[in-house]
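> Take a look and give me a structure for this.
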Amino acid sequence: MSTDPSSSQQGKTPSSEDAENAAPEGTERVRTSNASPTTWWLTGGSVLLVGAVVASVVLFFGGGDDQVTPDPARVAELEASADARHVDQVASLVGHTRAAHEELVPALESLNGVLPADGSAPAEEFPSSEEIDGWLGTVRDAGAHFELSESGRTDFNVTVAGLDGSVDLLGSAVSAYHAASQADDDQRTDLLDLAADLRDQAVTAWSVAATQLDMVSVDAGHGHIHLYLPADPASGALQPDEAEEGEGATGDGPPAHDDH
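Have a look, this model is predicted:
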């Protein structure tokens, strides 16, 4: 029989107290036996809350029975209202464009009389400053017709922007011509060339906008409208089509939803 004291410990299973006492120093001991009922309620409540959120998300995005769908009657009502508003806006724009056109044509013809659109030499004698200022005032008054406060459909907005931009160019052409009348011989030729170039750009830009207005007017049921400025045939400006003024007017209702 062995008398070694250590031999009495062989085959003995260490107790839990011994294992706990043998844990390395600095190692945190985890105990679950002391978890309070409050801890378990909070943990369970969190799980239930997450489950409720997930269920709500699934219900919202999953297309359940409670999913809200548009009312077809209400949608049709809103579309009809937008169509009627568009028809009225186009009619108003046609009226403003007609008034602006009546103001611009005499001013443009006066400018063309001293600064020919066919590229021939400008008149040697300049009109008085008061007369040129009168042209510029007329152009600015015409531009006021396109300072519309309400936006509309895309084709309507593009038409307004084109008309307004062309009037601005024509105003710049008159301003350049006025500057040429006050300049010395070295600068006069350059300013006259600038005025002629700006005038040609203005007429071409107006022709594009006038064509767009013609299309918008027909689509809105108002028929063809041809409000083009005088242009030299070789200028590249667009010309009206062969349709008669007012042809294509229907009055049957709003246009199709081409730009929705």
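
> Which residue would you name as the spatial centre of this structure?
Centroid-nearest residue in the chain, with CA atoms, centre = their mean: Thr154, separated by 8.2 Å.

> Can you pull the phi and psi angles for that one?
Comment: the main-chain dihedrals of Thr154 come out as phi -60, psi -50, following degrees, to the nearest 10.

> How about Gln182, nearest residue that isn't a chain neighbour?
Of all residues not flanking Gln182 in the chain, Ser129 sits nearest, at 7.8 Å (CB to CB, 6 or more residues apart in numbering). For glycine as for every other residue, the C-beta is placed from the backbone atoms N, C-alpha and C.

> tell me the average confidence for the helix or strand hosting Ser172?
Counting by DSSP states H and E, the secondary-structure element that holds Ser172 is helix 154-182. When the per-residue pLDDT values of helix 154-182 are averaged, the result is 98.

> Repeat that for stretch 77-86.
Confidence for stretch 77-86, expressed as mean pLDDT, is 83.

> Could I get the buried residue list for it?
Of the residues in stretch 77-86, those with enough neighbours to count as buried (16 or more other CB atoms under 10 Å) are Asp83, His86.

> mind exporting it as CSV, just the C-alpha atoms?
What follows is stretch 77-86 as a C-alpha-only set of coordinates in CSV (Å, rounded to 0.1, in the frame of the first residue of the first chain):
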residue,chain,number,x,y,z
GLU,A,77,-61.4,63.1,-61.6
LEU,A,78,-57.9,64.5,-61.0
GLU,A,79,-56.8,63.7,-64.5
ALA,A,80,-59.8,65.4,-66.0
SER,A,81,-59.1,68.5,-63.9
ALA,A,82,-55.5,68.5,-65.0
ASP,A,83,-56.5,68.2,-68.6
ALA,A,84,-59.0,71.0,-68.4
ARG,A,85,-56.3,73.2,-66.8
HIS,A,86,-53.9,72.4,-69.6
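
> picking up where we left off before, based on its surroundings, how many neighbours for the residue nearest to Gln182?
11 (other CB atoms under 10 Å).

> right, and it touches Ser181 too?
Yes: checked against CB atoms under 8 Å, the pair Ser129 and Ser181 is within contact range at 7.0 Å.

> Spatially nearest residue to Leu148, not counting backbone neighbours?
Sequence neighbours aside, Val160 is the residue nearest to Leu148 in space, at 6.0 Å (criterion: CB to CB, 6+ apart).

> right, I mislabeled it, should have said Gly246
When the adjacent residues along the chain are set aside, Gly246 lies closest to Gly223, with 4.2 Å between them (CB to CB, 6+ apart).

> where in the chain is pLDDT low?
Judged against pLDDT under 70, the low-scoring parts of the chain cover residues 1-67, 251-260.

> which stretches of it form helices?
16-21, 37-61, 72-114, 129-143, 154-182, 185-219 (DSSP state H).

> distance of the nearest residue to Gly171 once chain neighbours are set aside from Leu191?
Distance criterion CB to CB, 6+ apart; nearest residue to Gly171, sequence neighbours excluded, is Val139 at 4.5 Å. Note on Val139: its distance to Leu191, by CB to CB, to the nearest Å, is 18 Å.

> out of those two, which sits in the more crowded spot?
Taking other CB under 10 Å, Val139 and Leu191 do not tie; Val139 has more neighbours (25 against 18).

> Could you verify my assumption that the more buried one touches Val174?
Yes: here Val139 lies in contact with Val174, judged by CB under 8 Å, at a distance of 6.0 Å.

> what residues do those two have in common as contacts?
Ala107 (CB atoms under 8 Å, 6 or more residues apart in numbering).

> Tell me which residues touch Thr138, please.
With contacts defined as CB under 8 Å, 6+ apart, Thr138 is in contact with Glu103, Leu104, Pro106, Ala107.

> In contact with the residue nearest to the first one when sequence neighbours are not counted: list those residues for me.
If the residues on either side of it in the chain are set aside, Glu103 comes closest to Ala142, at 4.4 Å by CB to CB, 6+ apart. When contacts are counted by CB under 8 Å, 6+ apart, Ala142 touches Ala99, Ala100, Glu103, Leu104, Ala107, Val167.

> Sounds good, over and out.
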